[in-house]
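Student: here is the input, now give the coordinates:
(one chain, ligands or ions: 1)
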Amino acid sequence: MANIDWNKLTFSYTKTNTILKTTFKDGAWTPVESLTDDYLSLSSYAGALHYAIECFEGLKAFRGKDGRIRLFRPEENAKRLIRSAQYLGIEAPSVEMFVDICKKAVLENEDFLPPYEVSGASLYLRPTLIGSNPQLGVQSSKESTFLLLCSPVGAYVGGALDAVDVVIARNYDRAAPNGSGAFKVGGNYACSLRSLNIAHEQGYKAVLYLDPATKTHIDEFNSSNFFAIKGNSYITPKSDSILPSITNMSLETVAAHLGMTVERRPVPVEELSTFEEVGECGTAVVITPVHKLVDKPFLESDEETVYTYGDGQCGPKSLKLYNYIKAIQRGEIEDEFGWIVYVD
Ligand SMILES: Cc1ncc(COP(=O)(O)O)c(C=O)c1O
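Tutor: Numbering: from 1, shown residues only. The predicted structure is shown next:
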C-alpha cells in the first residue's frame, strides 16, 4: 500500500502507478496501454486544445467492509460519457469497454485505494475523452483518445458533511439556454470559473446557477446538483441545462424507498424560503449540506437576500439519505438496487 496519510486526503492530485490510454483511429480502438508517466505526447493541433473537444466523467472505487473493491454505478458514467461524446461528435468507448478499463485502472492502482476504515476516502476515477488528431478547422475530431486517470481522494470541501455557504450569482451563467449544460463537457467548467473564483474570494464554497433562459428557477451548482427537503419531500430541479447527476438519481431512489415523496420539477427561486434542508449532491461527497444561501443580483455588489438552513450541521433527512448511499458504497448493507460492480 502507498505511504499516504489517508485521513488527510483532500480532493486533489496524487501521482498513482498508472494511467490507461486507448485511441480511436481508423475505425477501431488501439490496445489499452498502461503508462507510468502522466505526461502525454499529443499534437499541439489536437481539437481538445483549441475547441474544447473534451468530455469526462467522475466515479469512485471503495474498499468494502468485506475487503472487496466496489465501483458505484459505473455503467451510468459510461452512458453519460457516450451522450457527452455524441454531443461533441466524437467516438466514445462502449459501456462494456468503459467498465473494463475502470476495473483495470483500479487493480493497477490498488496501492492507492484507501482502506475501509477511512470512511471519507476513496479512489476517484477520472475517465477523460479528448479529440486528439491534428486539425485546424472547427469540426468534430475524427480521432479520440480515452484516458483513465485516478487519484486517492478525501472530502472535497472541508470535512464530509460540514455545511457550506453558497451564492447565487445572477449576473453569471454556467450554460446557455439550449446549450451544453446537460453534458459533462470541459467547456461548461471553464464557463463557471470566473464566477466561482469571485465567489471563493468572498468566502463561498460554491455558486448556484439559475436557469439561464428566465432566471426564475434553480438550476444547479458549479459541480453538483441541487436538492431540498420540505416536509416529507425530496425536491430537485427538472431542467434541460443541468447535468443528470448519478448521485441525485440514486438519492431519489433511496428517498422513495425510505417513504419520501420525490419531486423532480422546476423549482422557483421564491421557494427557497420554504425549504427545511438544502444541499449539494454529487460523486465527490454524495451530499454537502448548505447552511447559508445568499442570492446576489450582482456577485460583485453588496445587495443580497440571505436564506439560512439548519445550524451548520447536516439536516436529519439529508443525513439519513447520505448514510444509506454510503452504506451501499462501503458494503455495509445489501445492494438492493444492484448499483455495485465488483472489481475483483
Ligand atoms: C455540474 C455538475 N453537476 C452535477 C454533478 C454531480 O454528478 P454526479 O452525481 O454524477 O457526480 C457534477 C459532478 O460531480 C457536476 O460537475
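Student: OK, contacts around the residue of the stretch 51-200 of the chain found nearest the ligand?
Tutor: Taking C-beta to the nearest ligand atom as the measure, the point where the stretch 51-200 of the chain comes nearest the ligand is G58, at 5.2 Å. Where you see a C-beta, it was placed from the backbone N, CA and C, and this is true even at glycine. Listed by C-beta atoms under 8 Å, 6 or more residues apart in numbering, the contact set of G58 reads 77, 124-126, 283-284.
Student: just these: which are in helices?
Tutor: Counting by DSSP state H, the part of the contacts of G58 found in helices is N77.
Student: among the contacts of G58, which are within reach of the ligand?
Tutor: By C-beta under 6 Å from any ligand atom, the members of those lying near the ligand are 283-284.
Student: where does the stretch 101-250 of the chain dip in pLDDT?
Tutor: Along the stretch 101-250 of the chain, the parts satisfying pLDDT under 70 run over 155-160.
Student: can you pull out the strands in it?
Tutor: Counting by DSSP state E, counting those that start in this stretch, the stretch 101-250 of the chain has strands at residues 122-131, 144-153, 164-169, 206-210, 218-221, 225-230, 233-237.
Student: got the angle for the fourth one vs strand 225-230?
Tutor: With axes from the mean of the first three to the mean of the last three C-alpha atoms, to 10 degrees defining the directions, strand 206-210 sits at 80 degrees from strand 225-230.
Student: is the ligand contacted by strand 206-210?
Tutor: No: applying C-beta under 6 Å from any ligand atom, one finds strand 206-210 out of contact with the ligand, separated by at least 9.1 Å.
Student: which strands and helices sit next to that strand?
Tutor: Where contact means 3 or more C-beta pairs under 8 Å, 6 or more residues apart in numbering; DSSP states H and E, strand 206-210 is packed against strand 164-169, helix 186-201, strand 218-221.
Student: how about the residues of the chain that lie near the ligand?
Tutor: When proximity is defined by C-beta under 6 Å from any ligand atom, the chain lies next to the ligand at 58, 220, 223-225, 243, 245-248, 282-284.
Student: need the max-distance pair from those residues.
Tutor: Pairwise distances across the residues of the chain next to the ligand peak at 14.8 Å for G58 and E220 (criterion: C-beta to C-beta).
Student: neighbours of the residue nearest to Y324 when sequence neighbours are not counted, just the number please.
Tutor: Distances taken as C-beta to C-beta, 6 or more residues apart in numbering put V254 closest to Y324, at 4.8 Å, once the chain neighbours are dropped. Taking other C-beta atoms under 10 Å as the criterion, the count of residues near V254 is 21.
Student: and what of M1?
Tutor: 10.
Student: spit out the contact partners of it.
Tutor: Neighbour list for M1: 111, 115 [criterion: C-beta under 8 Å, 6+ apart].
Student: can you list the domains in this protein?
Tutor: Each structural domain of the chain that the record assigns through automatic domain parsing is listed here as a residue range: 6-153, 164-329.
Student: can I take it that Y307 is in a helix?
Tutor: No: residue assignment for Y307, taken from DSSP: H, G, I helix; E, B strand; the rest coil, gives strand, which places it outside any helix.
Student: among the strands of the stretch 101-250 of the chain, which is the most enclosed?
Tutor: For the strands of the stretch 101-250 of the chain, the stretch with the most neighbours on average is strand 218-221, a mean of 27; neighbours defined as mean count of other C-beta atoms under 10 Å.
Student: residue boundaries of the helices in this protein?
Tutor: 47-51, 74-88, 95-108, 186-201, 246-257, 316-329.
Student: so for the fifth one, what gets flagged as buried?
Tutor: When you say that, I think you mean helix 246-257. Neighbour-count burial for helix 246-257 flags 246-255 (criterion: 16 or more other C-beta atoms under 10 Å).
Student: next: the third one.
Tutor: For helix 95-108, a neighbour-count test (16+ other C-beta under 10 Å) marks 95, 98-99, 101-106, 108 as buried.
Student: what packs against that helix?
Tutor: Secondary structure elements in contact with helix 95-108, counted by 3+ C-beta pairs under 8 Å, 6+ apart, are strand 19-25, strand 59-63, strand 69-72, helix 74-88, strand 122-131, strand 144-153.
Student: same thing with the fourth one?
Tutor: In this structure, helix 186-201 packs against strand 54-56, strand 164-169, strand 206-210, with contacts taken as 3+ C-beta pairs under 8 Å, 6+ apart.
Student: partner strands of the second one, parallel or antiparallel?
Tutor: Each strand that strand 164-169 pairs with, and the sense of that pairing, follows from DSSP bridges: strand 206-210 (parallel), strand 286-296 (parallel).
Student: S119 is nearest to which of the helices and strands packed on strand 206-210?
Tutor: Using C-beta to C-beta as the criterion, the shortest distance between S119 and the helices and strands packed on strand 206-210 is 19.3 Å, found for strand 164-169.
Student: what sits up against the closest one?
Tutor: The set of residues that contact strand 164-169 without belonging to it, under C-beta under 8 Å, 6+ apart, is 157-158, 195, 198-199, 202-210, 221, 269, 280, 288-296, 299.
Student: can you rerun that using 7 Å?
Tutor: Residues outside strand 164-169 that contact it (C-beta atoms under 7 Å, 6 or more residues apart in numbering): 157, 195, 199, 202-208, 210, 221, 288, 290-296, 299.
Student: only whichever of those are buried, select them in ChimeraX.
Tutor: The following ChimeraX line selects those of the contacts of strand 164-169 that are buried, judged by 16+ other C-beta under 10 Å:
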select :195,199,204,205,206,207,208,210,221,288,290,291,292,293,294,295,296,299
